[in-house]
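Participant: Sequence first, predicted model second:
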Amino acid sequence: MFYWGTEKDKISKTMELNGYRIMWLFVFFDLPTETKKDRKNASGFRNNLLKDGFSMMQYSVYIRHCASGESADVHEKRIHKLLPPLGKVSVLRITDKQFGNILNFWGKAAIPKEPQPTQLELF
């Protein structure tokens, strides 16, 4: 493959944010709430997701925008550390292009999508 341009142009092309590099993380969970300790663990898990920048999409479904796959890796590792002792937790990673195809409904009326964050994450 030939590339015409300077090394700086090549780097900026590879660093360019696009719909296939930007990621969304979905966290789905089903946690027990039978005992006081179970409820405390479930509440703590949800609160930690919120502290980490996740937003509630539905009950037990939280989402987070990540500027890159590397950023998504960091948040997946955090989720792994936050796991409660009981229950089921699943994490799904999709591209921004795939996220753009989601249809959301309240009853029979479609609801508008939330605007995509315009900020960049720096570590």
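Facilitator: That came through, no problem.
Participant: need the strands for the chain, in chain order.
Facilitator: 23-30, 55-58, 61-66, 88-95, 105-106, 109-110 (DSSP state E).
Participant: can you redo these as TSV with distance to Glu76?
Facilitator: Just so you know, the C-beta spots here come from the backbone N, C-alpha and C atoms, and that holds for glycine as well. Supplementary listing: the strands of the chain in TSV, determined by distance: least, C-beta to C-beta, whole Å:
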stretch	distance to Glu76
strand 23-30	7
strand 55-58	17
strand 61-66	9
strand 88-95	6
strand 105-106	29
strand 109-110	31
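Participant: quick one: which of those is nearest Lys81?
Facilitator: strand 88-95 (11.9 Å; C-beta to C-beta).
Participant: tell me the mean pLDDT over the closest one?
Facilitator: Averaged across strand 88-95, the pLDDT comes to 96.
Participant: Paired strands for it, with orientation please.
Facilitator: Counting by DSSP bridges, the strands paired with strand 88-95 are strand 23-30 (antiparallel).
Participant: Give me the contacts around the partner strand.
Facilitator: With contacts defined as C-beta atoms under 8 Å, 6 or more residues apart in numbering, strand 23-30 is touched by 45, 49, 54, 57, 60-69, 71-72, 75-76, 79, 87-96, 98-99.
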